[in-house]
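[1] below: sequence and its predicted model.
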Amino acid sequence: MKAYILNEPGDTTQLQIKEIAIPEIAGDEVLIRVKAISINPVDSKTRQGKGIYGRLKEESPLILGWDVAGIVEKAGAEVKDFKEGDEVFGMVNFPGHGKAYAEYVVAPASHLALKPQNISFEEAAAATLALLTAYQVLKKAKVQSSQKVLVHAAAGGVGHFAVQLAKHWGTYVIGTGSEKNHDFIVGLGVDEFIDYHGDQLDTIVGHVDFAFDTIGAENIIRSLPLVKRGGTLISIPTGLNDEQKQKATELGVDAYFYLVESSGEDMKEIAELLSQGIVKAHVSKVLPFEQMAEAHQAIDSGRTVGKIIVSL
């Protein structure tokens, strides 16, 4: 099978397509013939030697990627929920070695769900790490109706899912983004749009119950004063440094980093939301497997709307 091997951290030229053996499965795993792969910022960061590269650097061959949608080619003897021919999707082995940039991927059955019939493989792949992150973070923050929720970068992969979920759960949603993405973000259902290039954030100081930081770094300090005392801020790109922790303590905000984890049970909940049309994946670009470098370059731009997908 063809797979992308990461020889060493660096730019996209380090992703080399090679022919390797189709992997074997254990009793609790399935072999997926991949139809679509979702590309995430963590893929790019890990390629550059950041992200979770430190966890994987001793693996050989090192194959990036975690988000897949495809068809079950073979199921292990212990697998009860899936059989050959089933269409499945999921985030595989995160934050471990997912090995998703390949024509065939081995996945624990416990990380997968059946793909809803009303969505494409591309849409299913898009609704894995990003939607799972939004789902787990909002659950962790115990977001509930009547609360005000701030979603940063609301047009992004995680952001556009977080807006839809928060609205479904009855909250008042404030979404930030660039003016060029105003219509897209409003179309997701936000109650209030804020152009993050301006000073409009000052108008909501101390007003939100939960702030979802999808940007990291200085955005954490900028966001903390917007949260009510006793409220919560969760950041997904970076952990909090000492200055940010101190500021959070001074303001009475519960602030911390969260890292998504593979979960078939959560994926089943997500599959139900997708099948009912409550949440929809926005796929902004689909590229062929041979153009993995271009997919990474699109992520590196930091200006993607929704999700970038690679199809096979």
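    Great, that's in hand. Being a predicted model, the structure only gives us computed values, none of them experimental. Numbering: from 1, shown residues only.
[2] now F210: how far from K142?
    Using C-beta to C-beta, to the nearest Å, we find F210 at a distance of 9 Å from K142. C-beta: built from backbone N, CA, C; applies to glycine.
[3] give the buried residues for stretch 231-239.
    Using 16 or more other C-beta atoms under 10 Å as the test for burial, stretch 231-239 gives 231-237.
[4] pLDDT of it, averaged?
    Stretch 231-239 shows a mean pLDDT of 95.
[5] chain center to it, what's the gap?
    15 Å (C-alpha atoms, centre = their mean, to the nearest Å).
[6] one step back: widest-spaced pair of the buried residues of stretch 231-239?
    For these, the farthest-apart pair by C-beta to C-beta is G231 and P237; their separation is 19.8 Å.
[7] just give me the longest strand of this structure.
    Criterion DSSP state E: the longest strand present in the chain is strand 29-39.
[8] helix or strand right after that one?
    Next helix or strand after strand 29-39 toward the C-terminus (DSSP states H and E): helix 41-47.
[9] gap between whichever helix or strand comes after that next one and the chain center?
    For helix 41-47, the following helix or strand on the C-terminal side (DSSP H and E) is helix 53-56. Chain-centre distance of helix 53-56: 18 Å, with C-alpha atoms, centre = their mean.
[10] run through who's touching stretch 278-293.
    The contact list for stretch 278-293 (C-beta atoms under 8 Å, 6 or more residues apart in numbering) reads 2, 4, 12-13, 15, 17, 36-37, 39, 101, 103, 119, 122-124, 126-127, 131, 160-161, 164-165, 168, 184, 270, 273-274, 294-295, 298, 304-312.
[11] please pick the buried ones from those.
    Buried subset of the contacts of stretch 278-293 (neighbour count, 16+ other C-beta under 10 Å): 4, 15, 36-37, 39, 101, 103, 119, 122-124, 126-127, 131, 160-161, 164-165, 184, 270, 273-274, 295, 298, 304-312.
[12] can you tell me the centre-most residue of this protein?
    In the chain, the residue lying closest to the centroid (C-alpha atoms, centre = their mean) is A130, at 1.9 Å.
[13] what does whichever strand or helix holds that one rub up against?
    Using DSSP H and E, the element containing A130 is helix 129-140. For helix 129-140, contacts defined as C-beta under 8 Å, 6+ apart pick out 38, 40, 42, 66-67, 91, 94, 149, 157-159, 161-162, 165-166, 169, 210, 212, 234, 236, 258, 260-263, 266-267, 269-270, 279, 281, 307.
[14] just the buried ones from these, in ChimeraX syntax?
    Buried residues among the contacts of helix 129-140 (16+ other C-beta under 10 Å), as a ChimeraX selection:
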select :38,40,42,66,67,91,94,149,157,158,159,161,162,165,166,210,212,234,236,258,260,262,263,266,267,270,279,281,307
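[15] of the contacts of helix 129-140, which belong to strands?
    Within the contacts of helix 129-140, residues falling in strands by DSSP E are 38, 67, 91, 149, 210, 212, 234, 307.
[16] make a markdown table out of those residues and add distance to D254.
    Compiled in a markdown table, those are given as follows (distance: C-beta to C-beta, whole Å):
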| residue | distance to D254 |
| --- | --- |
| S38 | 30 |
| D67 | 29 |
| M91 | 26 |
| V149 | 15 |
| F210 | 10 |
| F212 | 13 |
| I234 | 9 |
| K307 | 30 |
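[17] domain ranges for the chain?
    Annotated domains of the chain cover 2-127+281-311, 130-257 [automatic domain parsing].
[18] average pLDDT for the first one?
    Just to be clear, that refers to domain 2-127+281-311. 97.
[19] how about the residue nearest to the centre of the chain: what's its closest non-neighbour residue?
    G157 (3.9 Å; C-beta to C-beta, 6 or more residues apart in numbering).
[20] contact partners for V253?
    Residues near V253 by C-beta under 8 Å, 6+ apart: 224, 227, 229-233.
[21] which one of those is nearest to I204?
    Nearest to I204 among the contacts of V253, counting by C-beta to C-beta, is V227 at 9.5 Å.
[22] so what's the residue count around that closest one?
    Number of residues near V227 (other C-beta atoms under 10 Å) recorded here: 26.
[23] now do the contacts for it.
    Contact partners of V227, counting by C-beta under 8 Å, 6+ apart, are 150, 206, 208-211, 233, 251, 253, 255.
[24] my read: K247 touches I221, true?
    Yes: using C-beta atoms under 8 Å, K247 is in contact with I221, at 6.2 Å.
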